[in-house]
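Q: For reference, the sequence and a predicted model appear below.
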Amino acid sequence: MGIRENARFVCPACTRSIAVTDTMRDALVENGCVVCGADVKLEAFDVAETA
């Protein structure tokens, strides 16, 4: 069983978009965007729809 990505992150500064897990989301909020270093808030995440 693989890791399930359950949200999409869109950086408000560089507009990079990536699918993320809960752990990745928490790390982005704590450390900032991995591409440009901008601060990240929870509003930058859209919850993925599950089928």
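A: Nice, thanks for sending it over. Numbers count the residues shown, from 1 in each chain.

Q: any idea which helix or strand carries the most centrally placed residue in the chain?
A: Nearest to the mean C-alpha position of the chain, counting by CA atoms, centre = their mean, stands residue 9 at 3.2 Å. Secondary structure from DSSP states H and E places residue 9 in strand 7-10.

Q: and the closest residue to residue 39 other than its chain neighbours, how many neighbours does it have?
A: Nearest non-adjacent residue to residue 39, counting by CB to CB, 6 or more residues apart in numbering: residue 32, 5.5 Å away. C-beta: built from backbone N, CA, C; applies to glycine. By the criterion of other CB atoms under 10 Å, residue 32 has 15 neighbours.

Q: swap in residue 29?
A: Quick note: residue 29 (other CB under 10 Å) scores 15 neighbours.

Q: same question, the one 5 residues further on
A: The local packing of residue 34 (other CB under 10 Å) involves 14 other residues.

Q: any idea how far residue 14 is from it?
A: 10 Å (CB to CB, to the nearest Å).

Q: what residue ranges in the protein are flagged as low confidence?
A: Within the chain, the set of residues satisfying pLDDT under 70 comprises 1-3, 48-51.

Q: which residues in it form helices?
A: In the chain, the helices defined using DSSP state H lie at 22-31.

Q: Need the residues that contact the strand holding residue 9.
A: 16-22, 24-25, 28, 40, 44-48 (CB atoms under 8 Å, 6 or more residues apart in numbering).

Q: swap the cut-off to 10 Å and go again
A: Strand 7-10 is contacted from outside by 16-22, 24-25, 28-29, 33-34, 40, 42-48, using CB atoms under 10 Å, 6 or more residues apart in numbering.
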